[in-house]
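Trainee: Structure for this input, please:
(2 chains)
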Amino acid sequence: GAVVSQHPSRVICKSGTSVKIECRSLDFQATTMFWYRQFPKKSLMLMATSNEGSKATYEQGVEKDKFLINHASLTLSTLTVTSAHPEDSSFYICSAYALSLSYNSPLHFGNGTRLTVT
Amino acid sequence: DQQVKQNSPSLSVQEGRISILNCDYTNSMFDYFLWYKKYPAEGPTFLISISSIKDKNEDGRFTVFLNKSAKHLSLHIVPSQPGDSAVYFCAASEGDRDDKIIFGKGTRLHILP
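Mentor: Model (predicted):
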């Protein structure tokens, strides 16, 4: 149980285009999902908290208009990187919060998406 | 301001020996600590956790020790196996905010044959 599916796993796009990444909780409902970005040799950086039915909460320094987050249902959150630039190339990971499913770890992670902007 | 610190970016350990990964934190309100393991191009997976009311938690080859007075925790892996080669993230959460988990920068563990 507690599977989080992230799609696509890899995507290459041209500079100036937009890319959508999906995060789905397959067997549970997640009112809260999180989006992270991993930089080389650095930690997972929390970008934003996605709440079903309301606006996402962005961390300081994250551009809201560039990284659009939509959490339209209890099982799906999407991250859209708009007008992508090469510096947006990174590994993006989502996680879903489900306390009731696991006492030990309330966060369940997707497998991540490698974005390359050419 | 880094609340969770993993000061060793990498660690190499001989197969069969003990691997010890360290983590320090600054926020005295943290009361739940977790370790995640991450392989390249994959999301982190939960490994082991410990509540602040305990000082040790053991699960098979993995043991986490917590020293609250020193604000320090460590993950022991014994014996180390090749499949343990990965990046290990220390994480912490505070009180009723267990939905907001703060991660350290990670330590890359290499298990040597």
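
Trainee: Going along the chain, name the strands of chain B.
Mentor: Remark: strands assigned in chain B by DSSP state E are B:4-5, B:10-14, B:19-25, B:30-38, B:45-51, B:56-59, B:62-67, B:72-77, B:86-94, B:97-103, B:107-112.

Trainee: Between strand B:107-112 and the second one, find me the angle.
Mentor: Per axes from the mean of the first three to the mean of the last three CA atoms, to 10 degrees, the angle that strand B:10-14 makes with strand B:107-112 is 20 degrees.

Trainee: which secondary structure elements does strand B:10-14 contact?
Mentor: Using 3 or more CB pairs under 8 Å, 6 or more residues apart in numbering or on different chains; DSSP states H and E, the elements in contact with strand B:10-14 are strand B:19-25, strand B:107-112. Every residue, glycine included, has its C-beta placed from N, CA and C.

Trainee: That one: partners in the sheet, and parallel or antiparallel?
Mentor: strand B:107-112 (parallel) (DSSP bridges).

Trainee: Turn the helices and strands packed on strand B:10-14 into CSV, columns for mean pLDDT.
Mentor: Formatted as CSV, these follow (pLDDT from 0 to 100):
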stretch, mean pLDDT
strand B:19-25, 97
strand B:107-112, 95
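
Trainee: Among those strands, show me which one is buried the most.
Mentor: Highest mean neighbour count of these: strand B:19-25, a mean of 21 (counted as mean count of other CB atoms under 10 Å in any protein chain shown).

Trainee: Where among the strands of chain B is average confidence lowest?
Mentor: When these are compared on average pLDDT, strand B:97-103 comes out lowest at a mean of 70.

Trainee: which ones are touching the residue nearest to B:Pro44 when sequence neighbours are not counted?
Mentor: Once flanking residues are discounted, B:Pro44 sits nearest to B:Tyr36: 3.8 Å by CB to CB, 6 or more residues apart in numbering or on different chains. For B:Tyr36, the contacting residues are A:105, A:109, B:44-47, B:88-89, B:91, B:103, by CB atoms under 8 Å, 6 or more residues apart in numbering or on different chains.

Trainee: so A:Cys13 sits right up against A:Pro86, yeah?
Mentor: No - applying CB atoms under 8 Å, one finds A:Cys13 not in contact with A:Pro86, separated by 10.5 Å.

Trainee: So the two - more neighbours on which side?
Mentor: A:Cys13 (16 against 9; other CB atoms under 10 Å in any protein chain shown).

Trainee: Leaving out sequence neighbours, find the closest residue to the more buried one.
Mentor: In space, not counting the residues next to it along the chain, A:Cys13 is nearest to A:Val19; the distance is 5.1 Å by CB to CB, 6+ apart.

Trainee: so the one you found bridges to which residues?
Mentor: So, taking DSSP bridges as the rule, A:Val19 has A:Val81 as bridge partners.

Trainee: Please apply the same query to A:Met33.
Mentor: A:Met33 forms beta bridges with A:Ser50, A:Ala96, as assigned by DSSP bridges.
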